[in-house]
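Colleague: sequence first, predicted model second:
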There are 2 protein chains.
Amino acid sequence: MPILPTFADVLAAAERIRPFVQRTPVFTSGTLDELAGRHLVFKCELFQKTGSFKYRGATNAVQKLDSETAARGVITHSSGNHGQALALAARTRGIPATIVMPVNAASVKMAAIAGYGATIVESGPSLADREAKVAELQAQSGANYVPPFDHPDVIAGQGTAALELLQDTENVNALIVPIGGGGLISGFSLAAKGLNPACRIFGAEPTGASAAAQSIAAGERVTLAGTKSIADGLLANYVGLLTWPIIEANVERVFTVSEEQIVRAMRLIWERMKLVIEPSAAVGVAVALSDEFRALPGLNTVGIVLCGGNVSLDKLYWAS
Amino acid sequence: MPILPTFADVLAAAERIRPFVQRTPVFTSGTLDELAGRHLVFKCELFQKTGSFKYRGATNAVQKLDSETAARGVITHSSGNHGQALALAARTRGIPATIVMPVNAASVKMAAIAGYGATIVESGPSLADREAKVAELQAQSGANYVPPFDHPDVIAGQGTAALELLQDTENVNALIVPIGGGGLISGFSLAAKGLNPACRIFGAEPTGASAAAQSIAAGERVTLAGTKSIADGLLANYVGLLTWPIIEANVERVFTVSEEQIVRAMRLIWERMKLVIEPSAAVGVAVALSDEFRALPGLNTVGIVLCGGNVSLDKLYWAS
């Protein structure tokens, strides 16, 4: 039975990572409030270092290592934000990082990770390929594996964004958090319930990658045969072994939204709030604007995490 | 001889408009610092109400009117940010606004202005057409004309953004400010020189709309036969009668940048800082990144105003 992280771990993580992370601002928008039918506050993790909240969890995991262990370096597999986050967290600690990336990873993401000084090792495209390559390299180097979401230190680190959000705002009694593997919402629910047990936690998933919603419906962890969404940060086939019990205990409901709703919400945030958010961040906004969520009674101010801003600017999702 | 606004007017404007405007944040970026070869601080007026700094000047002009005068309403001509700004400033004061717009104005901008409750009157496309229509309507209604830049209260209002920038940062000893008609840089130079006479003021213009650069070279106000740039907020054929003497006295040099430099700077700010800035705001960034500016000695921290974020998201300037 794995040991689950707690509220105390989130508080400890906040102390640990404070010198390294941005305390990101909280924004509001009268236009969005009108459209959502209630007051919304947006935690702007798109402004976090490396462009996403992932830097919090990676930094917490890296900084928590004792010196001897840290010297062996860190390793993970990632085609996206977690790889960038771990690469910079390792560089900041002055230890080596190895990022296993599938051969079909976007070259711009490889360049970003290489720019942070990490070693990139290519693997086959499947998750099994990637995990096998990590295990092989880890056996050689003794590097510490820092997984993208299913790790107590990663979860606790992600929760620090919720601490800040709730410290910097008033009257927030509900949060909407996007779910991929569940690291972000696990950290957010530990932080929020720790500060205020009455705070309500809602998940947000694309219809095409709804492992959490389906797991809650089934009452057990469900593994999806496949996932498909422009919200590439949320394409997990399952929620984690650690994140699942936290989600099951704390998340009131997971809402799913269509690709069209995600694109519309993304454009709205770019146009009206002038924020370049990635599709994964738009998923939470789309939930807030949905008829189902608007109809929920008893919510005052709702907190939404704009989890990242790493999106290709070669084209626009809403342009043909 | 018109009476020029002073530092005291900027201070008074700051008091007057404080309840109505956003105190916008100041952002920094390690990536941009590396590219510019020095520390940059960005005043984020793209987050100002109506999406640009224009709301400051419009609010100052509107709030300064005595009740009896204000009741006659305000009028201006604009195809862009000033129209939106005056419309919302008037609505906030509870007085009518009339915005004369050329028949070829973008429908999205007309919709925004109408959304703020202003009356839109169409005119012919030329500046002469627009001014004639304003004069005609003003004669009927007695409405107060609030021009886009050449007005002491407008200039003083724009300067309040510089006060905030210099209050919220340290070691800024130079500013780069985009120039259209010169309202923003006039206000900025009054504020900055008032706080620190040694602060150096640099202008930024597109090569295709360089009335200020040419006027400084000629030693007198120059009127351009035409202007052409994607930086649509800076397409002025001349600097103002009020802004010119302020520019001449305070601006050390005006740098011009190509369309290609503007597009490149704009994409960079979207990608790395996650900020949706409009082309006019990218002009100042492009100057900071230029070889000429990088070669200037004696500058510590340079302040740049990201003056607005109102840009069509139907297409990307850098995509074919």
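Modeller: Happy to help now that I have it. Bear in mind that the values here come from a model prediction, so they are computed numbers and not experimental data.

Colleague: run a quick neighbour tally on residue A:319.
Modeller: 11 (other C-beta atoms under 10 Å in any protein chain shown). Every C-beta, even on glycine, is put in place using the N, C-alpha and C of the backbone.

Colleague: the residue lying closest to it once chain neighbours are set aside: how many residues sit nearby?
Modeller: Closest residue to residue A:319 apart from its sequence neighbours, by C-beta to C-beta, 6 or more residues apart in numbering or on different chains: residue B:315 at 6.2 Å. By the measure other C-beta under 10 Å, the count of residues near residue B:315 is 11.

Colleague: show me where the stretch 51-200 of chain A has strands.
Modeller: Assigned by DSSP state E, counting those that start in this stretch, the strands in the stretch 51-200 of chain A fall at A:74-77, A:97-102, A:119-123, A:144-145, A:172-178, A:200-206.

Colleague: quick one, which of those gets closest to chain B.
Modeller: Comparing the strands of the stretch 51-200 of chain A against chain B with C-beta to the nearest C-beta, the closest turns out to be strand A:172-178 (16.7 Å).

Colleague: ok so, going back, shouldn't the residue nearest to residue A:319 be within a strand?
Modeller: No. Using DSSP: H, G, I helix; E, B strand; the rest coil, the secondary structure at residue B:315 is coil, not a strand.

Colleague: returning to what we had before: need the strands of the stretch 51-200 of chain A in TSV (columns: mean pLDDT, mean neighbour count and distance to chain B).
Modeller: Formatted as TSV, those follow (pLDDT from 0 to 100; neighbours: other C-beta atoms under 10 Å in any protein chain shown; distance: least, C-beta to the nearest C-beta, whole Å):
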stretch	mean pLDDT	mean neighbour count	distance to chain B
strand A:74-77	96	26	22
strand A:97-102	94	24	18
strand A:119-123	94	17	20
strand A:144-145	97	17	26
strand A:172-178	97	25	17
strand A:200-206	98	27	20
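
Colleague: got those strands as CSV, with distance to residue B:249 columns?
Modeller: Shown next, in CSV, are the strands of the stretch 51-200 of chain A (distance: least, C-beta to C-beta, whole Å):
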stretch, distance to residue B:249
strand A:74-77, 57
strand A:97-102, 54
strand A:119-123, 55
strand A:144-145, 61
strand A:172-178, 50
strand A:200-206, 55
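
Colleague: follow-up on the earlier one: so the residue nearest to residue A:319 makes contact with residue A:318?
Modeller: No. Taking C-beta atoms under 8 Å as the definition, residue B:315 is not a contact partner of residue A:318, at 10.3 Å.

Colleague: give me every residue in the stretch 1-150 of chain A lying close to chain B.
Modeller: Residues of the stretch 1-150 of chain A found near chain B (C-beta under 8 Å from any C-beta of the partner chain) are A:25, A:27, A:46, A:47, A:51.

Colleague: let me know the closest of those to residue B:76.
Modeller: residue A:27 (29.1 Å; C-beta to C-beta).

Colleague: and the residues of the stretch 1-150 of chain A next to chain B, which of them are buried?
Modeller: Buried members of the residues of the stretch 1-150 of chain A next to chain B, scored by 16 or more other C-beta atoms under 10 Å in any protein chain shown, are A:27, A:46, A:47, A:51.

Colleague: just those: which are in strands?
Modeller: residue A:27 (DSSP state E).

Colleague: nearest to residue A:75, of the buried ones among the residues of the stretch 1-150 of chain A next to chain B?
Modeller: Scanning those for proximity to residue A:75, where the rule is C-beta to C-beta, the winner is residue A:51, at 21.4 Å.

Colleague: quick check, central residue of chain A?
Modeller: residue A:184 (4.5 Å; C-alpha atoms, centre = their mean).

Colleague: please name the nearest non-neighbouring residue to that one.
Modeller: Nearest non-adjacent residue to residue A:184, counting by C-beta to C-beta, 6+ apart: residue A:158, 4.8 Å away.

Colleague: run a quick check on that neighbour versus residue A:189, I expect a contact.
Modeller: No. The pair residue A:158 and residue A:189 does not pass the contact test of C-beta under 8 Å, sitting 10.4 Å apart.

Colleague: now do the contacts for the residue of the stretch 1-150 of chain A found nearest chain B.
Modeller: Closest to chain B within the stretch 1-150 of chain A is residue A:46: 4.7 Å, counting by C-beta to the nearest C-beta. Residues near residue A:46 by C-beta atoms under 8 Å, 6 or more residues apart in numbering or on different chains: A:52, A:275, A:276, A:277, A:278, A:281, A:306, A:307, A:308, A:309, B:274.

Colleague: phi, psi for the residue nearest to residue A:319 please.
Modeller: With angles defined as degrees, to the nearest 10, residue B:315 shows backbone torsions of phi -150, psi 170.

Colleague: and chain A, what are its domains?
Modeller: A:7-53+A:151-306, A:55-145 (automatic domain parsing).

Colleague: out of the ones you listed, deepest packed?
Modeller: Neighbour counts (mean count of other C-beta atoms under 10 Å in any protein chain shown) averaged over each of the domains of chain A peak at domain A:7-53+A:151-306, with a mean of 21.

Colleague: what about that one, how long is it end to end?
Modeller: With C-alpha to C-alpha, to the nearest Å as the measure, domain A:7-53+A:151-306 spans 22 Å from end to end.

Colleague: show me where chain A has helices.
Modeller: Counting by DSSP state H, one finds helices in chain A at the ranges A:7-17, A:30-36, A:54-64, A:67-70, A:81-93, A:107-115, A:127-141, A:152-167, A:183-195, A:211-218, A:243-250, A:259-273, A:279-289, A:291-294.

Colleague: the longest one - contacts with which helices or strands?
Modeller: If you count contacts as 3 or more C-beta pairs under 8 Å, 6 or more residues apart in numbering or on different chains; DSSP states H and E, helix A:152-167 packs onto helix A:7-17, strand A:40-44, helix A:54-64, strand A:172-178, helix A:183-195, strand A:301-306.

Colleague: dump it to PDB, keeping only the CA atoms.
Modeller: What follows is helix A:152-167, C-alpha atoms only, in PDB (Å, rounded to 0.1, in the frame of the first residue of the first chain):
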ATOM      1  CA  PRO A 152       3.800  11.900  -3.400                       C
ATOM      2  CA  ASP A 153       6.400  14.700  -3.900                       C
ATOM      3  CA  VAL A 154       5.100  15.600  -7.300                       C
ATOM      4  CA  ILE A 155       1.500  15.700  -6.000                       C
ATOM      5  CA  ALA A 156       2.400  17.800  -3.000                       C
ATOM      6  CA  GLY A 157       4.400  20.200  -5.200                       C
ATOM      7  CA  GLN A 158       1.400  20.700  -7.500                       C
ATOM      8  CA  GLY A 159      -0.800  21.500  -4.500                       C
ATOM      9  CA  THR A 160       1.300  24.600  -3.700                       C
ATOM     10  CA  ALA A 161      -0.500  26.500  -6.500                       C
ATOM     11  CA  ALA A 162      -3.800  25.900  -4.700                       C
ATOM     12  CA  LEU A 163      -2.400  27.200  -1.400                       C
ATOM     13  CA  GLU A 164      -1.300  30.400  -3.100                       C
ATOM     14  CA  LEU A 165      -4.600  30.700  -4.900                       C
ATOM     15  CA  LEU A 166      -6.600  30.400  -1.700                       C
ATOM     16  CA  GLN A 167      -4.300  32.700   0.200                       C
END
